[in-house]
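>>> Take this sequence and fold it.
(2 chains)
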Amino acid sequence: MDLTRRKLLKMGMLSVCGTMIPLGALEIFKPEALASSLVHPYSQKKRWAFVVDTTKCVGCGMCVKTCKLENEIPFDAEVQRTWIERYVLTKKGDVLIDSPHGDRYGFTKNDPEGHDLKDEDTLKGFFVPKLCNHCEKPSCVQVCPVGATYKTDDGVVLVDRKWCIGCGYCITNCPYFARFFHPVFNTAEKCTFCYHRISKGLKSACVDACAFGVRKIGMLNDPDSEVFKIITTQRTAVLKPEFGNEPHVFYLGLDHIVR
Amino acid sequence: MNHAWRPLILIVGLAAVLLTVRMFLVPSDFMAKNGDYKYQWHRVGNEKFWRDEFTVKHKGREFCKQCHEDKIELVADSGHARVQCENCHVMFNPEKKGHPVDLKADFGYLLDIGIDRSRELCKRCHSKLPYRPKEFTSLTKGIKPFNMIDPQEHNPGEECVDCHDVHRTGFK
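Prediction:
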């Protein structure tokens, strides 16, 4: 065998490169490996989850109003635990996105972002209610320096108002912009899925307020809950899955322009 | 005493003071539940605050039913069957508040009940927007068309309740 110096170097480099690629990197060629393993139906673990059916939402904002009053967020403050965004695609090709006052007074005019649109100028539009996603891996909780925010055993992410020092790390770390400072307590504040209601057998305030059946809350692994039925039989999507937070608010009829 | 021992004693003493102070400041129920320091490192007692101490404010139809059974039946039979009384009657604008019976003192009901007769209330659901869903899922009749009105054209200048009986979704 005639091994030249050139050949040796070539083969050496190749084998070094070869050993450097981890086997796991080849997973990107397997779609089933990329598929989210979020939902484990029939597992025994109790876990709250939420479903939002955007195809039914009319943007009346009753959920936002109810949420603010139920959870003692001053009504006139420009912060909210849940809000509704309006997405409108115009014939010119612009995507207009707005949520005036978080929609607590409802959408009553075709005036996205202040443009006065005529009905025939719009191609499509829809409303997207948003709230805390109560992630399985909440990035907001990880960054809390004092242990003031945490995940309960049934998957709800809460804030300890006595312990919070108001540093605001969690607010900047939430990919969904679901956190804010409470105007009265000056601590981090967020949706709790109405933990005080759901643990008493009631539904979240926004779920009760919705006259159109947009919002649903239930145990993810309870075969009798509507949430379970929808997630196991219909095609749902989550917001920003690329962050890897494993959000637990599932959307029906989510459009690709929603961010 | 050796010059090397003195700072050491100081350090050990400081550490002891810190640990004792910490023992008093950190509550005993502050811990990593299930050994999960990443997501469950917290004051366990705070779960009780959110679960039990935070008050339920919207009490739903069952609560109003104690005294307004007639209205409940009326509404249950109408197009507004799925609309909660509290959607229309809990007020955030102070000038419209007012309930003849003091629900706060007698029933622990913390919200302000009142009547909003303005068009703004009805427009939230009924104004015609081109991208509003055209269909509505009723509890009893399944999917049916959702009737919206253009507030600029549908009797402008008059309150909706001058003509419509809201609870029956019929006419006065």
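>>> Next up, the contacts around residue 91.
Answering for chain A, as no chain was given. A:120-123 (CB atoms under 8 Å, 6 or more residues apart in numbering or on different chains). Bear in mind the C-beta positions are built from the backbone N, C-alpha and C, glycine included.
>>> Please refer instead to chain B.
Counting by CB under 8 Å, 6+ apart, residue B:91 has contacts B:97, B:112-114, B:116.
>>> ok, of the contacts of residue A:91, which one's closest to chain B?
Taking CB to the nearest CB as the measure, chain B lies nearest residue A:122 of the contacts of residue A:91, at 5.2 Å.
>>> Quick check: bridge partners of the closest one?
residue A:90 (DSSP bridges).
>>> Count the neighbours of it for me.
18 (other CB atoms under 10 Å in any protein chain shown).
>>> per-residue pLDDT, it?
Per-residue confidence (pLDDT) for residue A:122: 92.
>>> what residues does stretch A:213-233 touch?
Under CB under 8 Å, 6+ apart, the answer for stretch A:213-233 is A:39-54, A:56-57, A:63, A:129, A:155, A:193, A:198, A:203-204, A:206-207, A:236, A:248, A:250, A:252, B:82, B:137.
>>> Tell me the buried residues in it?
A:213-221, A:225, A:227-228, A:230-231 (16 or more other CB atoms under 10 Å in any protein chain shown).
>>> Sort the residues you listed by pLDDT and name the bottom one.
pLDDT across the buried residues of stretch A:213-233 is lowest for residue A:221, at 84.
>>> which phi and psi does that residue have?
phi -110, psi 20 (degrees, to the nearest 10).
>>> Next, work out how far apart it and residue A:244 are.
22 Å (CB to CB, to the nearest Å).
>>> which sections of chain B are below the confidence cut-off?
B:1 (pLDDT under 70).
>>> just the helices in it please.
Per DSSP state H, chain B carries helices over the ranges B:5-25, B:45-48, B:60-76, B:85-89, B:103-107, B:119-126.
>>> how about these, which one is nearest residue A:116?
Closest of the helices of chain B to residue A:116 is helix B:119-126, at 16.4 Å (criterion: CB to CB).
>>> Which other helices and strands does that closest one contact?
Of the remaining helices and strands, none touches helix B:119-126 by 3 or more CB pairs under 8 Å, 6 or more residues apart in numbering or on different chains; DSSP states H and E.
>>> Let me see the contact set for residue 137.
Picking chain A for this. A:244-246, B:39.
>>> other chain: chain B
A:56, A:212-213, B:143.
>>> Now tabulate those residues in CSV and tack on distance to residue A:96.
What follows is the contacts of residue B:137, written out as CSV (distance: CB to CB, whole Å):
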residue, distance to residue A:96
A:56, 21
A:212, 23
A:213, 27
B:143, 29
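>>> Out of those residues, which comes closest to residue A:75?
residue A:212 (22.5 Å).
>>> Name the nearest residue to the closest one, ignoring sequence neighbours.
The shortest distance from residue A:212 to any non-neighbouring residue, by CB to CB, 6 or more residues apart in numbering or on different chains, is to residue A:56 (4.8 Å).
>>> Which of the helices or strands spans that neighbour?
Taking DSSP states H and E as the definition, one finds residue A:56 inside no helix or strand.
>>> okay but it is in contact with residue B:133, surely?
Yes. Using CB atoms under 8 Å, residue A:56 makes contact with residue B:133 at a distance of 5.8 Å.
>>> Common neighbours of the two, please.
residue A:212.
>>> And chain B, is stretch A:180-200 touching that?
Yes. Remark: stretch A:180-200 sits within contact range of chain B at A:192, A:195-197, A:199-200, by CB under 8 Å from any CB of the partner chain.
>>> can you pull the buried residues of that stretch?
Here stretch A:180-200 shows A:180-182, A:187-199 as buried, counting by 16+ other CB under 10 Å.
>>> coming back round to it: next step: the contacts of residue B:137 restricted to strands.
residue B:143 (DSSP state E).
>>> and the contacts of residue B:137, which two are the farthest apart?
Counting by CB to CB, the most remote pair of the contacts of residue B:137 is A:212 and B:143, 11.6 Å apart.
>>> So for those two, which residue has more residues nearby?
When neighbours are counted by other CB under 10 Å, residue A:212 and residue B:143 differ, and residue A:212 comes out ahead with 22 against 9.
>>> ok, the more buried one - contacts?
A:56-58, A:60, B:82, B:133, B:136-137.
>>> right, and out of the contacts of residue A:91, which lies closest to residue B:102?
residue A:122 (47.8 Å).
>>> That closest one touches residue A:89, doesn't it?
Yes. The criterion here is CB under 8 Å, and residue A:122 meets it with residue A:89 at 7.0 Å.
>>> Setting the sequence-adjacent residues aside, check what's closest to residue 88.
Since you didn't name a chain, this refers to chain A. The nearest residue in space to residue A:88 (CB to CB, 6+ apart) is residue A:125, at 4.0 Å.
>>> was after chain B, sorry
residue B:121 (6.2 Å).
>>> what does residue B:169 give?
residue B:79 (3.7 Å).
>>> Excluding chain neighbours, what is closest to residue A:44?
residue A:221 (7.1 Å).
>>> quick revisit: JSON lines for the helices of chain B, including mean neighbour count?
As requested, the helices of chain B are exported to JSON lines (neighbours: other CB atoms under 10 Å in any protein chain shown):
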{"stretch": "helix B:5-25", "mean neighbour count": "10"}
{"stretch": "helix B:45-48", "mean neighbour count": "17"}
{"stretch": "helix B:60-76", "mean neighbour count": "14"}
{"stretch": "helix B:85-89", "mean neighbour count": "21"}
{"stretch": "helix B:103-107", "mean neighbour count": "12"}
{"stretch": "helix B:119-126", "mean neighbour count": "20"}
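>>> which residues in chain A form helices?
Under DSSP H, chain A gives helices at A:5-20, A:31-34, A:62-70, A:139-142, A:169-173, A:195-198, A:205-209, A:226-233.
>>> among those helices, which gets the worst mean confidence?
helix A:31-34 (a mean of 60).
>>> quick one, what contacts the closest residue to residue A:119 other than its chain neighbours?
The shortest distance from residue A:119 to any non-neighbouring residue, by CB to CB, 6+ apart, is to residue B:130 (4.3 Å). With contact taken as CB under 8 Å, 6+ apart, residue B:130 is in contact with A:110, A:119, A:122, A:125.
>>> what's near enough to touch the first one?
Spelled out, that is residue A:110. A:116-119, A:122, B:129-130.
>>> Please indicate which of the residues you listed are buried?
Buried among these by 16+ other CB under 10 Å: A:117, A:122, B:129-130.
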